[in-house]
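# take this sequence and fold it.
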Amino acid sequence: MARPLTVVPARPMAEVSAALTGALAGSSTLFVLPPTPAPTGHNWHSALHLGDPVPDEVAALVATSGSTGTPRAVMLTAAALLASAHATLRRLDGPGAWLLALPPSSIGGLQVLVRSRLAGLDAVEMDLTETFGADTFARSAQELPQGLPRYTSLVPTQLRRLVEAGPQGIEALAAFDAVLIGGGPLDAGLRATATSAGARIVSTYGMTETSGGCVYDGLPLDGVYVENSSTGLRIGGEVLALGYHGESLATQESFVDNMFQTHDAGYVDNSGPGSIPRVSVTGRNDDVIISGGVNVAAGAVEEALRGRPDIVDAAVVGCPDPEWGQAVLALVVLADPASRLDLNEVRDYVRYRLGAAAAPRRLLPVTALPRLHSGKLDRTAARLLAAAESATAVDQ
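This next block holds a predicted model:
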């Protein structure tokens, strides 16, 4: 038996909220249409098989980011969504008021709405049609009700913009009881800067397939278990999705023995006090660039580049190289667009931290990095951009 599928746009929020009520009550399945185009070469309806019947137990279909070029619709039950929301609130200060700063089409945004329901409230919505900035964030935060814990969920790029905006952004951040940061690696320097200014930052790790963040500051939420495997971290528990809608083969490959097989490199340390496991994520196995026979983690190079004061953001891709097989190319957003980078200086900076193979051989200044509806880096678009514009890159 199949539930009716209710497809709603990301705005207006009243329509999303009504559809969520029906989904959690079991009367329909919710799909929030992302406000941005599907990843390059895809159409949301066809790529996600929205015309196919949906199993009766599915409360929501949520589009993955498609950061590697293949978006999928993840099948989530009401039990999984609520288990995640309850576990999050147990880890924080209990139910509270949430500021929605992520699109509800992403699992990060949708979970803000679910957690708000547990407090009997509607989330306060930022105007997501505007460019994210400190002024809009601060104004929206002032609309949160008083007398309750105040929470929000952001991606690292949003946190960076608030920190770099100065007092207005920092003061707005510091007024929250917790600021969840997910959707990508959190730069240690950025976190330290925000924390020293009074922001209570919680780094989260998870994905759509786990109903959102399921590891907070390295510790799995209640009911979540993570284990090492030869191909990447595996995650299980009551937050787990049923699989991918309309893609039985991908489901069989990724969901095995009630565990989700990620492509994230990392490890689980069970030697801590009380044998509480601590999860460390070191990157994605499919983001590895092999240059001269040496594996280079793109995420590690990106984090190193973002540590420079003259680079606001960075994306690292591999480009063909006749001598090395692949060479590291970095797309960089400069703090001063009119400035120029010294390639040798940047290479020395990265080489000192990560080794010679990780040092970028080409730098491509861009005004902004391509991003997906969830806020994650669109790596497929980044590779296409690098290929199209590499003639303008600083080369050596």
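# where along this structure do the helices fall?
Remark: helices assigned in the chain by DSSP state H are 13-25, 44-47, 78-91, 107-118, 134-141, 156-164, 167-174, 188-196, 248-254, 298-306, 343-354, 379-389.
# winner for burial among those helices?
helix 107-118 (a mean of 24; mean count of other C-beta atoms under 10 Å). Any C-beta I mention is one placed from the backbone N, CA and C, and that applies to glycine too.
# circling back: need the helices of the chain in CSV with distance to Gly232, can you?
Output for the helices of the chain, formatted as CSV (distance: least, C-beta to C-beta, whole Å):
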stretch, distance to Gly232
helix 13-25, 30
helix 44-47, 24
helix 78-91, 21
helix 107-118, 19
helix 134-141, 34
helix 156-164, 21
helix 167-174, 32
helix 188-196, 22
helix 248-254, 10
helix 298-306, 14
helix 343-354, 21
helix 379-389, 17
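# nearest to Arg371, of these?
helix 156-164 (7.5 Å; C-beta to C-beta).
# could I have the CA atoms of that closest one written out in CSV?
As requested, the backbone C-alpha atoms of helix 156-164 are provided in CSV (Å, rounded to 0.1, in the frame of the first residue of the first chain):
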residue,chain,number,x,y,z
PRO,A,156,30.2,26.1,8.0
THR,A,157,30.0,28.8,5.3
GLN,A,158,27.2,30.5,7.2
LEU,A,159,29.1,30.4,10.4
ARG,A,160,32.1,31.9,8.7
ARG,A,161,30.1,34.8,7.3
LEU,A,162,28.7,35.6,10.7
VAL,A,163,32.1,35.5,12.4
GLU,A,164,33.7,37.6,9.6
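# use 15 as the first number from now on
OK, 15 is where the count begins now, so the last one is helix 170-178.
# with adjacent residues omitted, what lies nearest to the spatially most central residue of the chain?
What sits nearest the mean C-alpha location of the chain, by C-alpha atoms, centre = their mean, is Gly197, with 1.3 Å. Excluding the flanking residues, the one nearest Gly197 by C-beta to C-beta, 6 or more residues apart in numbering is Val169, at 4.0 Å.
# looking at the helices of the chain, which is closest to Val46?
helix 27-39 (5.9 Å).
# what angle sits between the closest one and helix 92-105?
On the basis of axes from the mean of the first three to the mean of the last three C-alpha atoms, to 10 degrees, helix 27-39 is oriented at 110 degrees to helix 92-105.
# contacts for helix 27-39?
The contact list for helix 27-39, computed with C-beta atoms under 8 Å, 6 or more residues apart in numbering, reads 20, 22-24, 42-44, 46, 73-74, 92, 95-96, 114, 118, 124, 127-128, 131, 136-137, 139.
# change it to 7 Å
20, 22, 24, 42-44, 46, 73-74, 92, 118, 127, 136, 139 (C-beta atoms under 7 Å, 6 or more residues apart in numbering).
# do stretch 103-110 as well
Residues outside stretch 103-110 that contact it (C-beta under 7 Å, 6+ apart): 129, 132-133, 162-165, 191-192, 230, 235-236.
# circling back: which among the contacts of helix 27-39 count as buried?
Neighbour-count burial (16 or more other C-beta atoms under 10 Å) applied to the contacts of helix 27-39 gives 20, 22, 24, 42-44, 46, 73-74, 92, 118, 127, 139.
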